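> Make a model of this:
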Amino acid sequence: MRADAVRNLEKILSTAARVLAADPGASMVKIAAETGVDRRTVYRQFESREALLAAIYAARYDAVDIVFESARLTEAPVAVALHRYVEGIIDATRQWPVAFDQMVADPTTAARRELLGKRLDAFIGRAVDEGLFRADLPAGWIEALLRQVIRVAAEDVPHIKAAQAADLAVDALLHGVGQA
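The predicted structure follows:
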């Protein structure tokens with residue numbers, strides 16, 4: 001691919017993710033207009049809306065794969081790995097603001113989603129074993145809370161930089177928000 005074609009593809013994907021996050025029913029024509037390219041350029045890259053969505057999901061999972069690797073969930077000290085993971089996922093979520101329920105419904109990403117889920121479960125298990133998280137919580141509780149804290153940090157307070165949002169998110173996850 002030529003450099004300008006790669007730039008156009010990246011611009012289409014990132015713009016489409018942003019546009020579709022704001023308006024899930026946005027047309028390919030609207031996405032092209034927001035991207036600043038002709039609609040034919042979008043259709044040359046993606047023959048359908050479903051193909052565009054699949055590419056956005058793949059890009060989001062590519063970003064998440066990088067987060068998992070850079071967080072070093074199996075090697076780094078648990079608290080360090082947790083912070084790296086949270087900060088990276090906040091960044092990835094902000095860069096690729098795709099609704100999780102949309103990605104869950106996409107069958108082409110099911111295998112990737114399952115693999116990443118297993119890796120996160122293994123990390124949470126390690127964090128429990130090493131005493132960072134309580135062992136007496138119901139199955140799935142920690143992961144669900146972690147996902148919600150990340151969602152709030154990424155989506156509800158976008159004016160806070162990812163590193164600071166991760167500080168706040170991890171602190172709230174580990175210590176709560178009460179005064180006691």
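> next helix or strand past the helix or strand of the chain with the lowest mean pLDDT?
Least confident helix or strand, the chain: helix 100-105 with a mean of 65, by mean pLDDT, DSSP states H and E. Downstream of helix 100-105, the next assigned helix or strand under DSSP states H and E is helix 110-129.
> which parts of that next one are buried?
112, 113, 116, 119, 120, 123, 124, 127, 128 (16 or more other Cβ atoms under 10 Å). (C-beta placed from N, C-alpha, C; glycine too.)
> Which other helices and strands does that helix contact?
Applying 3 or more Cβ pairs under 8 Å, 6 or more residues apart in numbering; DSSP states H and E, one finds that helix 110-129 contacts helix 49-71, helix 78-95, helix 141-151.
> Export only the CA atoms of that helix, formatted as PDB.
What follows is helix 110-129, C-alpha atoms only, in PDB (Å, rounded to 0.1, in the frame of the first residue of the first chain):
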ATOM      1  CA  ALA A 110     -15.200 -13.700  19.000                       C
ATOM      2  CA  ALA A 111     -12.000 -15.700  19.100                       C
ATOM      3  CA  ARG A 112      -9.900 -12.600  19.900                       C
ATOM      4  CA  ARG A 113     -12.300 -11.500  22.600                       C
ATOM      5  CA  GLU A 114     -12.200 -14.900  24.200                       C
ATOM      6  CA  LEU A 115      -8.400 -15.000  24.200                       C
ATOM      7  CA  LEU A 116      -8.100 -11.500  25.700                       C
ATOM      8  CA  GLY A 117     -10.800 -12.400  28.300                       C
ATOM      9  CA  LYS A 118      -8.800 -15.500  29.300                       C
ATOM     10  CA  ARG A 119      -5.600 -13.400  29.600                       C
ATOM     11  CA  LEU A 120      -7.400 -10.800  31.800                       C
ATOM     12  CA  ASP A 121      -9.000 -13.600  33.900                       C
ATOM     13  CA  ALA A 122      -5.500 -15.100  34.500                       C
ATOM     14  CA  PHE A 123      -4.200 -11.700  35.500                       C
ATOM     15  CA  ILE A 124      -7.000 -11.100  37.900                       C
ATOM     16  CA  GLY A 125      -6.400 -14.600  39.300                       C
ATOM     17  CA  ARG A 126      -2.700 -13.600  39.800                       C
ATOM     18  CA  ALA A 127      -3.700 -10.400  41.500                       C
ATOM     19  CA  VAL A 128      -6.000 -12.300  43.900                       C
ATOM     20  CA  ASP A 129      -3.300 -14.900  44.600                       C
END
